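Undergrad: Test case, fold it:
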Amino acid sequence: MCGIIGYTGPLDSKRILLEGLSQLEYRGYDSAGVALCMENSRIRLIRHTGKVSNLKEGCRKISETSHCGLGHTRWATHGGVTTENTHPHQAGRITLVHNGIIENYHQLTLDFHLEGKLQSETDSEVAAWVLESLYEGRPLEAISKFVSYLKGSYSFCMMFEDHPGEIYAIRSVSPLVAAYTRSGSFVASDLTALIPYTKQYFVVPENHIVRLTSYKVHLYDLHQKETNPEMMEVSWNTDAAMKNGFPHFMLKEIHEQPEALKNTILPRMVRGLPDFTDDQIPDSILEQCSQIHIVACGTAMHAGMVARALMEPLLRIPVTVSIASEFRYEEPLIDSKTLVIVISQSGETIDTLAALRLAKSYGASTLSVVNVKGSTIARESDYVLFTHAGPEIAVASTKAYSVQLAALYMVCCRMALVRGAYGHEEAENFMKELLDAIPAMEAMIEKRDSVKALVTHLINEPDAFFIGRGLDYAFSLEGALKLKEISYIHAEAYAAGELKHGTIALITDQVPVIAIGTQKKVFAKTISNIREVRARGAFVILLVGEKSRVEEGIADVIIPIPEVDDRFAVFPVAVILQLIAYYASVGKNLDVDQPRNLAKSVTVE
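TA: Residues are numbered from 1 along each chain as shown. Sure thing, here's the model as predicted:
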């Protein structure tokens with residue numbers, strides 16, 4: 001979602017804010033702005049629609065020095081993409097930036113008689129005027145009152161005109177991190193904006209106020225009692241947030257998948273078996289549950305779909321996958337014997353967090369699979385399985401998907417072992433085959449040039465279809481999403497046998513169909529479905545095990561996949577589907593890492 005950076009200290013705040021906003025560009029945005037506290041304590045706003053580069057150009061004219069300021073990249077929710085709607089917003093003595101949504105902003109407009117004061121269409125400016133109305137010279141007291149009026153999600157960073165050199169921040173759901181360094185004090189919506197300056201930071205607790213000065217960061221509860229933050233340390237190399245010679249972050253992150261899988265799997269293997277002792281996940285929650293409910297959004301939900309197809313036949317218990325934004329309104333059939341697995345790369349996805357809280361209210365055990373330590377979902381879950389993908393900068397998820405799958409596969413194996421579905425030897429074989437998927441992924445990465453050549457058949461077509469059966473269908477869901485996200489080609493995934501029940505009406509001459517045929521028990525059926533689309537003129541790209549026998553002419557392009565056990569084909573297949581989407585986007589000269597209308601971390605409903 002939107003990006004926030006705040007700084008106060010001895011250095012040039014303008015430079016730090018602009019560099020921080022550049023680091024936050026990957027989150028998705030359509031306008032950017034900064035508020036600089038000048039040496040005469042006057043606060044100056046510079047705001048531009050479009051890229052941060054536009055903002056940088058606008059800031060070139062400023063020769064004065066500033067040592068305190070706020071920066072923001074906005075992804076439009078309330079109101080269009082205009083300079084007036086761009087953050088920061090000013091209201092009297094208050095200047096603020098805001099991530100999230102204030103649901104009761106219209107009622108606040110009426111209650112505080114703001115109709116004639118507003119210069120924008122945003123809920124954020126309404127919030128600024130509410131705070132201004134409550135402010136009597138004591139920031140902590142005003143902020144404590146202020147948040148009691150708000151409904152929704154938010155992270156606010158604020159400057160008060162009569163407290164120059166100070167920044168205040170508070171959050172509910174929407175993430176913030178803060179740090180004090182020799183270079184000054186920082187607050188940001190994402191660690192990537194801080195890592196050039198420090199590896200030490202803390203996650204701002206919900207409903208706590210942060211006060212930043214040039215020489216210290218203070219933390220207070222809503223009763224204005226000072227408390228000590230829980231300090232954390234960045235666990236990945238700072239180079240991981242750089243392109244390191246790759247043309248795009250997405251391609252770099254595709255190449256990083258084998259290493260990310262090793263980092264997620266190997267520390268959790270003891271004598272060849274999956275072991276979650278260090279994660280403090282007891283076998284009892286895996287052994288005693290009567291059903292599993294997986295809740296996630298987007299790519300993470302597709303990882304859950306693969307897990308369901310793997311788990312249900314092996315464990316012989318019901319496994320349900322729900323879209324997080326629907327789950328909380330479904331009155332789900334869960335209870336104290338349900339294991340709810342929530343999946344989120346950022347650990348801040350608001351729909352997934354709401355689903356987690358609902359599951360806990362039903363008494364279910366909750367296990368989260370997340371990539372960010374200290375995130376809200378991680379802190380609120382009963383148990384956490386951290387993935388070790390490192391930072392993922394491209395909006396379209398690649399390595400986060402792979403490590404989510406690896407974590408879920410390990411959970412499945414451990415459950416099978418403790419529930420008696422597997423003996424030790426079977427579990428060891430499962431883990432060996434999971435590790436064998438890593439060199440298979442590496443082999444697929446080496447095929448990138450051949451994938452690049454075949455996307456010429458995709459980039460000029462408005463539609464594409466992905467088909468498969470069983471696990472292959474689960475794989476195809478993510479392939480279609482990737483193509484949609486970054487190439488803007490309308491792509492849909494269908495269970496191959498379902499085509500003839502309506503969708504085959506859309507198959508005409510040269511319509512691209514990406515068929516996945518890695519599952520041996522349904523392979524012949526998948527081939528029959530491919531014949532159906534070929535008979536209607538489709539251009540077929542077939543992903544198939546390299547030892548499978550495929551008659552000549554069954555597909556226009558065949559991409560052989562290294563032989564792995566059928567259950568683990570998702571890992572090499574994922575690489576090919578990611579590369580197809582990547583090169584389709586490159587072939588259309590699109591912004592691969594920052595596709596239109598999308599955000600990396602979705603913290604609004």
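
Undergrad: Now the longest helix along the chain: average pLDDT?
TA: Counting residues, the longest helix in the chain under DSSP state H turns out to be helix 424-445. For helix 424-445, mean pLDDT is 96.

Undergrad: swap in stretch 131-145?
TA: Mean pLDDT, stretch 131-145: 97.

Undergrad: can you tell me the distance between the two ends of it?
TA: 8 Å (C-alpha to C-alpha, to the nearest Å).

Undergrad: Show me what counts as buried in that stretch.
TA: 131-135, 139-140, 142-145 (16 or more other C-beta atoms under 10 Å). C-beta: built from backbone N, CA, C; applies to glycine.

Undergrad: for the residues you listed, which one is nearest Asp221?
TA: Ser144 (8.9 Å; C-beta to C-beta).

Undergrad: Surely that closest one forms part of a strand?
TA: No - counting by DSSP: H, G, I helix; E, B strand; the rest coil, Ser144 is not part of a strand but helix.

Undergrad: Return the distance of it relative to Ile46.
TA: Computed as C-beta to C-beta, to the nearest Å, the Ser144 to Ile46 distance reads 31 Å.

Undergrad: which one is Cys412 nearest to, not counting chain neighbours?
TA: Closest residue in space to Cys412, ignoring its immediate chain neighbours: Met311 at 5.0 Å, by C-beta to C-beta, 6 or more residues apart in numbering.

Undergrad: sorry, back to before: and the longest helix of the chain, what's buried?
TA: Neighbour counts using 16+ other C-beta under 10 Å place 427-428, 430-431, 433-435, 437-438, 440-445 of helix 424-445 among the buried residues.

Undergrad: on that earlier part again, the residue nearest to Cys412 contacts Cys413, correct?
TA: No - with contacts counted by C-beta atoms under 8 Å, Met311 stays clear of Cys413, the gap being 10.0 Å.

Undergrad: From the chain's centroid, how far away is stretch 359-377?
TA: Centroid separation between stretch 359-377 and its chain, computed with C-alpha atoms, centre = their mean, to the nearest Å, is 15 Å.

Undergrad: make that stretch 370-378, sorry
TA: Put simply, stretch 370-378 sits 11 Å off its chain's centre (C-alpha atoms, centre = their mean).

Undergrad: same question, stretch 156-171
TA: Offset of stretch 156-171 from its chain centre (C-alpha atoms, centre = their mean): 28 Å.

Undergrad: helices and strands around the helix or strand hosting Phe475, which ones?
TA: Following DSSP states H and E, one finds Phe475 within helix 471-487. Judged by 3 or more C-beta pairs under 8 Å, 6 or more residues apart in numbering; DSSP states H and E, the packing partners of helix 471-487 are helix 298-315, strand 463-468, strand 490-495, strand 512-517, helix 570-587.

Undergrad: of all the buried residues of stretch 131-145, which comes closest to Ala169?
TA: Closest to Ala169, out of all of the buried residues of stretch 131-145 and judged by C-beta to C-beta, is Ile143, at 9.0 Å.

Undergrad: Ile341 in helix, strand or coil?
TA: Under the three-state scheme (three-state DSSP), Ile341 adopts strand.

Undergrad: Oh, that last question was meant for Pro196, not what I typed.
TA: Pro196 - assigned by three-state DSSP - is coil.

Undergrad: neighbours of it, just the number please.
TA: Applying other C-beta atoms under 10 Å, we find 14 residues neighbouring Pro196.

Undergrad: mind checking how far it is from Leu11?
TA: From Pro196 to Leu11 the distance is 12 Å (C-beta to C-beta).

Undergrad: Equivalent analysis for Thr508, please.
TA: Separation of Thr508 from Leu11 (C-beta to C-beta) stands at 61 Å.

Undergrad: More neighbours: those two, which one.
TA: Neighbours per residue, other C-beta under 10 Å: of Thr508 and Leu11, the larger number sits with Leu11, 16 against 10.

Undergrad: Make sure the more buried one is indeed in a strand.
TA: No - Leu11 is assigned coil when assessed by three-state DSSP, not a strand.

Undergrad: now the closest residue to it other than its chain neighbours: how far from Tyr215?
TA: Once flanking residues are discounted, Leu11 sits nearest to Ser183: 5.6 Å by C-beta to C-beta, 6+ apart. Separation of Ser183 from Tyr215 (C-beta to C-beta) stands at 11 Å.

Undergrad: For those two, indicate the residue with more neighbours.
TA: It is Ser183, of Ser183 and Tyr215, that has more neighbours when counted by other C-beta under 10 Å, with 16 against 12.

Undergrad: what's the more buried one sitting at in phi/psi?
TA: Dihedral pair for Ser183: phi -90, psi 0, per degrees, to the nearest 10.

Undergrad: re the thing from before, what about the longest helix of the chain, distance to the chain center?
TA: Its chain's C-alpha centre and that of helix 424-445 lie 26 Å apart, by C-alpha atoms, centre = their mean.

Undergrad: now for it, which elements pack on it?
TA: helix 257-265, strand 273-274, helix 399-418, helix 570-587.

Undergrad: and the angle from that helix to helix 298-315?
TA: 150 degrees (axes from the mean of the first three to the mean of the last three C-alpha atoms, to 10 degrees).

Undergrad: ok, back up a step: tell me the most buried of the helices and strands packed on helix 471-487?
TA: strand 512-517 (a mean of 28; mean count of other C-beta atoms under 10 Å).

Undergrad: what about that one, average pLDDT?
TA: When pLDDT is averaged along strand 512-517, the result is 94.

Undergrad: chain center to that strand: distance?
TA: In this view, strand 512-517 has its centroid 27 Å away from the chain centroid, taken as C-alpha atoms, centre = their mean.
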